[in-house]
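Novice: how would this look folded up:
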Amino acid sequence: MTTEQESRETGRAFVLDPATPDVHADNERLREAGPLVPVEVEGVRAWAATRYATLAAVLAHPDLSRDVSHWAPEGRAEVRKATAVEKITSDTSMLNSEGETHKRLRGPLIKAFTARRVQGLRPEIERMAAALVDELAALPPEPVDLRLHYAYPLPRDVISELMGIPPGMRDELHELTDVAARVGDGPDDVSGSRDALYVLLDKVIEVRRGTPGEDVITDLISVREQDGERLTRSELLDTIELLFIAGHVTTVNLITNAIRAMLTQPGQLDLVLGGSLPWSAVVEETLRWDSPVAHFPMRYAVRDLEIDGVTVRKGEAVLACFASAGRDPDQYGERACRFDAAAPQPGHLSFGHGPHFCLGAPLARMEGEVALAALFSAFPEMKLAGPASGTRPLGTVLGNSTRSLPVLLGRRAG
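Specialist: Okay, here's the model as predicted:
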């Protein structure tokens, strides 16, 4: 972002660069520019909600809708094919619905993510984490990419089991979603993989229709077949894709970011291993300080409105800046940019706010706690493989993490 781009007087917007080497430095400049700042994201103009209070107001505002029909035609015309903005804003799942439509699409999923059902998964998640730790211990004594070999496979396998992905189809599904998860050095253009993903999801639906089970996809198929008006085929496909990708990619980022924080923030790991702090405190502080989501499009003004002294015109788009809000000094004071899991946690917005609050929040929290406890109990002497380890960003405007996390595991405890 250049000084010229930052100038409000020139009428030019901040350009959000997917390849930025430091999203938090960019976010600091955005917050300094104001609570609601004009930006350009993948060629699309929008207002960016940069501060905590502003983002909270945007997420719950009755006159800001996720329904794309409220987006002005000139705004929609700016959307480029095969971009993150195009994929998110064209989705027909509950992600971009409001009111009764949102309730209709969200309703069948609520029972899958109740606290009771999630807690019932803990023993299986602990077993999966232990198996992955054993695999890590069997690797040669050289740098190990923990994003690839640990932070990624755990939530991927959990969501595969919860949703009912047939075991024989998981390898292909995982290959297609590796690109979306930014695992390794795959292509940045994911349009081809997404086309293939839809073809595979069609096959998954047919398998589950013929062999129903106690899983989310079977529940969704049942809803569609009992009442086709409650769930169209397009909505069914988009809902399954949303749950699978959103149900593990953000948790991959959470676990990766939390491990990196434990290896780079002095004294924090000692507090947990010494019993002074629970892993849940580390998870919550990571969600605040290094949110798994950087920016998320869009909400649209259904009428002219004012937020924090800024007028948003009917049809204009607003971008949610989660990583920026998590380091807002107005909300978190002098510790805003410092990781401190022992400090009082006044809350964060990383799972959203209002009617679109993330259904999978309890599952993500538990996966993070289980993953960190299993990993650091086994390898308490672990350290980064070098000063540049974990510094290469994902290269997307959506996610906030690193493409790899090379570490030296050290001796296994016990």
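
Novice: in the chain, which spans are strands?
Specialist: For the chain, applying DSSP state E gives strands covering 14-16, 36-41, 44-49, 64-65, 144-145, 295-301, 305-307, 310-312, 317-321, 383-384, 406-408.

Novice: Mind putting those strands into JSON lines with distance to residue 87, mean pLDDT and mean neighbour count?
Specialist: All C-beta atoms are positioned from the backbone trio N, CA, C, and that covers glycine. Formatted as JSON lines, those follow (distance: least, CB to CB, whole Å; pLDDT from 0 to 100; neighbours: other CB atoms under 10 Å):
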{"stretch": "strand 14-16", "distance to residue 87": "16", "mean pLDDT": "94", "mean neighbour count": "20"}
{"stretch": "strand 36-41", "distance to residue 87": "13", "mean pLDDT": "97", "mean neighbour count": "22"}
{"stretch": "strand 44-49", "distance to residue 87": "13", "mean pLDDT": "98", "mean neighbour count": "25"}
{"stretch": "strand 64-65", "distance to residue 87": "19", "mean pLDDT": "98", "mean neighbour count": "22"}
{"stretch": "strand 144-145", "distance to residue 87": "26", "mean pLDDT": "96", "mean neighbour count": "20"}
{"stretch": "strand 295-301", "distance to residue 87": "10", "mean pLDDT": "97", "mean neighbour count": "25"}
{"stretch": "strand 305-307", "distance to residue 87": "26", "mean pLDDT": "97", "mean neighbour count": "15"}
{"stretch": "strand 310-312", "distance to residue 87": "24", "mean pLDDT": "97", "mean neighbour count": "17"}
{"stretch": "strand 317-321", "distance to residue 87": "15", "mean pLDDT": "98", "mean neighbour count": "26"}
{"stretch": "strand 383-384", "distance to residue 87": "33", "mean pLDDT": "96", "mean neighbour count": "16"}
{"stretch": "strand 406-408", "distance to residue 87": "29", "mean pLDDT": "97", "mean neighbour count": "20"}
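
Novice: For residue 27, which of the ones you listed is the nearest?
Specialist: Each of the strands of the chain has some distance to residue 27 by CB to CB; the shortest is strand 317-321, at 6.6 Å.

Novice: what's the angle between the closest one and strand 44-49?
Specialist: Between the direction of strand 317-321 and that of strand 44-49, the angle (axes from the mean of the first three to the mean of the last three CA atoms, to 10 degrees) works out to 50 degrees.

Novice: Tell me how far strand 317-321 lies from the chain's centre.
Specialist: For strand 317-321, the distance from its own C-alpha centre to the chain's C-alpha centre is 15 Å (CA atoms, centre = their mean, to the nearest Å).

Novice: Show residues contacting that strand.
Specialist: When contacts are taken as CB atoms under 8 Å, 6 or more residues apart in numbering, the neighbours of strand 317-321 outside the stretch itself are 27, 30, 36, 39, 41, 44-50, 55, 58-59, 64, 71, 75, 294-301, 312.

Novice: so what strands line up beside that strand?
Specialist: Sheet neighbours of strand 317-321, with direction, are listed as strand 44-49 (parallel), strand 295-301 (antiparallel) (DSSP bridges).

Novice: Just put these in JSON lines and tack on distance to residue 155.
Specialist: As requested, the strands paired with strand 317-321 are arranged in JSON lines below (distance: least, CB to CB, whole Å):
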{"stretch": "strand 44-49", "distance to residue 155": "27"}
{"stretch": "strand 295-301", "distance to residue 155": "19"}
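
Novice: Skipping adjacent residues, who's closest to residue 132 in space?
Specialist: Setting aside the residues directly before and after it, residue 132 is nearest to residue 150 in space (CB to CB, 6 or more residues apart in numbering), at 5.5 Å.

Novice: Next, count neighbours for the one you found.
Specialist: 24 (other CB atoms under 10 Å).

Novice: again, but for residue 203
Specialist: For residue 203, which is what you asked about, the neighbour count (other CB under 10 Å) is 13.

Novice: for the nearest residue to it once chain neighbours are set aside, what are its contacts?
Specialist: Using CB to CB, 6+ apart and skipping the chain neighbours, the partner closest in space to residue 203 is residue 169 (6.8 Å). Contacts for residue 169 (CB under 8 Å, 6+ apart) come out as 200, 203-204, 207.

Novice: So among these, which ones count as buried?
Specialist: 200, 204 (16 or more other CB atoms under 10 Å).

Novice: need the contacts of residue 169 in CSV with pLDDT and distance to residue 92, can you?
Specialist: CSV is the format used below for these (pLDDT from 0 to 100; distance: CB to CB, whole Å):
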residue, pLDDT, distance to residue 92
200, 88, 18
203, 91, 20
204, 91, 18
207, 93, 23
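
Novice: out of the contacts of residue 169, which are inside helices?
Specialist: Counting by DSSP state H, these place 200, 203-204, 207 in helices.

Novice: ok, what's across the strand from the nearest residue to residue 36 once chain neighbours are set aside?
Specialist: Using CB to CB, 6+ apart and skipping residues adjacent in sequence, the residue nearest residue 36 is residue 310, 4.2 Å away. Applying DSSP bridges to residue 310 yields these beta-bridge partners: residue 307.

Novice: Okay, now the unreliable bits of the stretch 201-350 of the chain?
Specialist: For the stretch 201-350 of the chain, residues meeting the criterion pLDDT under 70 lie at 227-229.

Novice: switch to 80 and redo it
Specialist: Counting by pLDDT under 80, the stretch 201-350 of the chain contains low-confidence ranges at 226-231.

Novice: Can you show me the helices along it?
Specialist: Per DSSP state H, counting those that start in this stretch, the stretch 201-350 of the chain has helices spanning 216-226, 233-264, 268-273, 279-289, 322-325, 329-332. These are given in chain order.
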